[in-house]
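# Got a predicted structure here, sequence first:
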Amino acid sequence: MALVIAGERSGVGKTTVTLTLLASLRRRDRLVQSFKVGPDYIDPMFHQHVTGRACRNLDPVLTSEAYVQQCFAHHNQLSEYALVEGVMGLFDGISSLVISDTLQEGEAPMSFAKDKGQRTNDKGQITDFASTAHISRLLDLPVVLVIDCSRLSGSVAAIAHGYRSFDPRIKIAGVILNRVGSDRHLSLLKDSLEPLQLPILGVLRRQDNITIPDRHLGLVPTAELPELNALIDRLADLGDTCFDWQHLLPLLKSEPFSSSTSSSLSPSFPVRIAVARDRAFNFYYQDNLDLLQQLGAELVFWSPLEDAGIPKDIQGMYFGGGFPEVFAQQLAENSSVRDAVKTAVLQGMPTVAECGGLMYLCEQIIDFEGKSWSMAGVLPTSAVMGGRLTLGYRRAVALQDNLLVKANTTVYGHEFHRSHLTLTPTQPLFETSRYDCEENMGCEGWGLPANIYASYVHLHWGESREIPQQFLKECLKVASLGT
């Protein structure tokens, strides 16, 4: 079946509960597939560290409702147990217009919300699109609600009752009580919940020795936490005793999920792509990497931080997002790699750079302390760190043919960064607007020279396979030249 771990709001401990469940299942040598609702990169890193399997993002904005179902169906059937970690509060989503089932000519299917049963406002907008509740309905999965009990007792029943009754299509299988302070506190919570006859599937006491550090864009990634394995062991110990496994295991058990299967891909692009993956660059959707491989590409993982040069015999480069600002000094000191990247790009190497990757292609990164660090110098601009957070889904219309999409193509992506560029491109890649309204966000992205695609907007390619195909076509041209 699989199970959704949802929160009554952000910050209630969904990730801790999810990792505790995963850690305890893996200790039992169970094969577990995890999923994450939304565009987040970092939580899936923790999932993968525990399970040994790549976590899959379920995001109908970046992809589509059909793709979410296909992705879940495919990976769910390959495991014994499956677990979906939600995003924000259970019903926290975004607005999406409810329109006809007939697609307008030229419109991408991912821009349409098809579930006519969803809750709408007076403007005809779905108000919980891409929420945990939306995914639960889409996949027909039960929900376990995590409640932060640190500042309540009797009120827990009102919260649980409200969430269970708000949308009768959502099956609340039970609750997990987090941050319970004492036996007396737990007794008050149980007494309050008893009239609801809602199962308590777990109780987590306040934990002082289980803390995952965070910084300006969320949790610190797994590669930067040398004590992570010890933390996971503590979570597994906790999970062995704090959950009602008799009731949870049947809910977590994977079952075949009815969905149309995705079409197979022809491996027609025998090229080598250098994928930067280290502590500075690690924001990749696994589905994107899978698509490149399914199309025939060989992925060569390397480190701009540690390696002496770029990989040999490659026909393309892919720089994902991450935290280049945190490692700016080390990136700057590795001048041989910076020079090699610049030379390769200026000689025509097809290069995709998203967010942190874009920052690395700039002349400099100016960190939070105002220090300047030299980068690859491909783009005539600098990335400046600041306090302002740019966050949200984007609708982006291509203003010109570029490495990934043709002019006038609409794509949907996500921005999440605290930097800005000192110079905007004269011929930007995209005109962007917010996904849920017509608010114009301006123009962004670098596509000159023509062999680069550098943008703050993160894209998930799952619904738009022509994107990796277009990239690999350009890489194949390099291969045919013998470079």
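Good, I have the coordinates.

# Tell me if I am right that Ala230 is in a helix.
Yes. Assessed by DSSP: H, G, I helix; E, B strand; the rest coil, Ala230 belongs to a helix.

# got a pLDDT number for it?
Reading off the confidence values, Ala230 has pLDDT 94.

# Now do the contacts for Leu292.
By Cβ atoms under 8 Å, 6 or more residues apart in numbering, the contact set of Leu292 is 273, 299, 318, 468, 471-472. For glycine as for every other residue, the C-beta is placed from the backbone atoms N, C-alpha and C.

# Kindly recompute the last result at 10 Å.
Applying Cβ atoms under 10 Å, 6 or more residues apart in numbering, we find Leu292 in contact with 269, 271, 273, 275, 298-299, 316, 318, 461, 468-469, 471-472, 475.

# List buried residues within those residues.
Taking 16 or more other Cβ atoms under 10 Å as the criterion, what is buried in the contacts of Leu292 is 269, 271, 273, 275, 316, 318, 461, 468-469, 471-472, 475.

# Can you flag which of these belong to strands?
Cross-referencing the buried ones among the contacts of Leu292 against strands under DSSP state E gives 273, 275, 316, 318.

# from what I can see the last one touches Ile310, true?
No. In this structure Tyr318 lies outside contact range of Ile310 using Cβ atoms under 10 Å: 11.7 Å.

# Quickly list what's touching both of those two.
When contacts are counted by Cβ under 10 Å, 6+ apart, Tyr318 and Ile310 have 274, 276, 300 as shared neighbours.

# The nearest residue to Leu448 once chain neighbours are set aside: neighbour count?
Excluding the flanking residues, the one nearest Leu448 by Cβ to Cβ, 6 or more residues apart in numbering is Gln427, at 6.0 Å. Gln427: 12 surrounding residues under other Cβ atoms under 10 Å.

# try Val220
16.

# Now do it against Asn282, distance only.
11 Å (Cβ to Cβ, to the nearest Å).

# Likewise for Ala274?
Distance of Ala274 to Asn282, given as Cβ to Cβ: 15 Å.

# of these two, who's got more company?
More crowded of Ala274 and Asn282, by other Cβ under 10 Å: Ala274, with 25 against 20.

# Please name the residues that touch that one.
So Ala274 contacts 299-302, 304, 307, 310-319, 341, 344, 349, 351 (Cβ under 10 Å, 6+ apart).

# So, low pLDDT: which residues of this protein?
Low-confidence segments of the chain (pLDDT under 70): 96-126, 208, 257-263, 482-483.

# all helices of it, in order?
Using DSSP state H, the helices assigned to the chain run over residues 14-27, 42-51, 65-76, 132-139, 156-166, 183-193, 228-242, 245-252, 286-294, 328-333, 335-346, 356-361, 466-480.

# just the angle between the second one and helix 14-27, please?
Angle, helix 42-51 to helix 14-27, by axes from the mean of the first three to the mean of the last three Cα atoms, to 10 degrees: 20 degrees.

# try the last one
On the basis of the same axes, to 10 degrees, helix 466-480 is oriented at 70 degrees to helix 14-27.

# Using PDB, write out every CA atom in helix 466-480.
Provided in PDB are the C-alpha atoms of helix 466-480 (Å, rounded to 0.1, in the frame of the first residue of the first chain):
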ATOM      1  CA  GLU A 466      12.600  16.300 -25.200                       C
ATOM      2  CA  ILE A 467      14.800  18.400 -22.800                       C
ATOM      3  CA  PRO A 468      17.500  15.700 -22.200                       C
ATOM      4  CA  GLN A 469      17.100  14.600 -25.800                       C
ATOM      5  CA  GLN A 470      17.900  18.100 -27.000                       C
ATOM      6  CA  PHE A 471      20.900  18.300 -24.700                       C
ATOM      7  CA  LEU A 472      22.300  15.000 -25.800                       C
ATOM      8  CA  LYS A 473      21.800  15.800 -29.500                       C
ATOM      9  CA  GLU A 474      24.100  18.800 -29.000                       C
ATOM     10  CA  CYS A 475      26.600  16.500 -27.100                       C
ATOM     11  CA  LEU A 476      26.500  14.000 -30.000                       C
ATOM     12  CA  LYS A 477      27.600  16.800 -32.400                       C
ATOM     13  CA  VAL A 478      30.700  17.200 -30.200                       C
ATOM     14  CA  ALA A 479      31.200  13.400 -30.300                       C
ATOM     15  CA  SER A 480      31.000  13.400 -34.100                       C
END
